[in-house]
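Undergrad: got a structure for you, letters missing:
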């Protein structure tokens, strides 16, 4: 049975003190309010990771993730951070291929394939992001875009390694805009992604792969989105910066 996951992406927000406060609130609220086996992951800026991992220790439903990792193990890459560094401070997950990394930092599928390899080699679980822009959606090429991002970024992996991934579908046109893909639109793409995985690795792997929705998910629409057959949770941006909203999204799996 595939995991149900709600992952928060703080992006470049929260100073050290505010981040510790927010995470502590989330941990306590999850402990008190979240029923079932859903996993809550908080992907925070680098300055928070060591402390958050320590706070999460002992809480089975709460894990810590990073928002990026470099494609090399080490070296003269000023300002970068390696997968081994992240693993050494207790990080379990890492977001790779977020649309903002693709857009602002020019990360392509070939680079992301390398990042995926190095993350897995260091025991991290990649949350691998794929999704189309508004132009690609309106132009009707979104299936092709999603297919190529998935295949070129991850289909070089062995079946065992692919099974360690979490896939996140993020329609770029719905990130931070307040516009959300309808539940039918989201389900259509999630089902397509699962079909592509089945074509490469077989139905068992496809059915075991967690696929998250990452586009303006909030407490009001989480129930409907998460009730879709192929949506296994969310990659949450703005709403993850408010403990009440974030935990309420996680609680959508309670009912």
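TA: Received it, and whenever you're ready, just let me know what you need. Values in this document were obtained by computation on a predicted structure and should not be read as measured data.

Undergrad: show me the contacts for residue 114.
TA: Listed by C-beta atoms under 8 Å, 6 or more residues apart in numbering, the contact set of residue 114 reads residue 71. (Glycine included, C-beta is placed from N, CA and C.)

Undergrad: just to be sure, it is in a helix?
TA: Yes: with DSSP: H, G, I helix; E, B strand; the rest coil as the criterion, residue 114 is part of a helix.

Undergrad: so what pLDDT did it get?
TA: pLDDT recorded at residue 114 is 98.

Undergrad: so which residues of the stretch 51-200 of the chain form helices?
TA: 83-88, 99-105, 109-121, 134-138, 142-154, 159-162, 183-201 (DSSP state H, counting those that start in this stretch).

Undergrad: residue 210 against residue 167, yeah?
TA: Yes: here residue 210 reaches residue 167: they are 7.1 Å apart, a contact under C-beta atoms under 8 Å.

Undergrad: ok so, going back, nearest to residue 240, of the helices of the stretch 51-200 of the chain?
TA: helix 99-105 (14.7 Å; C-beta to C-beta).

Undergrad: show me what that closest one is in contact with.
TA: Contacts for helix 99-105 (C-beta under 8 Å, 6+ apart): 11, 68, 107, 108, 129, 131, 170, 172, 175.

Undergrad: avg pLDDT for that helix?
TA: Mean pLDDT, helix 99-105: 96.

Undergrad: pLDDT of stretch 221-240, averaged?
TA: Here stretch 221-240 scores 96 as its mean pLDDT.

Undergrad: chain center to it: distance?
TA: Between the centre of stretch 221-240 and the centre of its chain there are 11 Å (C-alpha atoms, centre = their mean, to the nearest Å).

Undergrad: same question, stretch 111-130
TA: On C-alpha atoms, centre = their mean, the centre of stretch 111-130 falls 12 Å from the chain's centre.

Undergrad: quick one: terminal-to-terminal distance for that stretch?
TA: 14 Å (C-alpha to C-alpha, to the nearest Å).

Undergrad: just the buried residues of that stretch, please?
TA: 111-113, 115-120, 122, 124-130 (16 or more other C-beta atoms under 10 Å).

Undergrad: just read off the phi/psi values of the residue lying farthest from the centre of the chain.
TA: Most distant from the centre of the chain: residue 76, at 28.1 Å, with distances by C-alpha atoms, centre = their mean. Main-chain torsions, residue 76, degrees, to the nearest 10: phi -90, psi 70.

Undergrad: check what pLDDT it gets.
TA: 98.

Undergrad: chain center to stretch 92-107, what's the gap?
TA: Relative to its parent chain, stretch 92-107 has a centroid offset of 10 Å by C-alpha atoms, centre = their mean.

Undergrad: burial count for the closest residue to residue 23 other than its chain neighbours?
TA: In this structure, residue 23 finds its nearest non-sequential neighbour in residue 52, 5.1 Å apart by C-beta to C-beta, 6 or more residues apart in numbering. With neighbours defined by other C-beta atoms under 10 Å, the count for residue 52 comes to 27.

Undergrad: pLDDT score for residue 52?
TA: 98.

Undergrad: roughly how far apart are it and residue 22?
TA: Using C-beta to C-beta, to the nearest Å, residue 52 is found at 10 Å from residue 22.

Undergrad: what do you get for residue 2?
TA: In this view, residue 2 and residue 22 are 28 Å apart by C-beta to C-beta.
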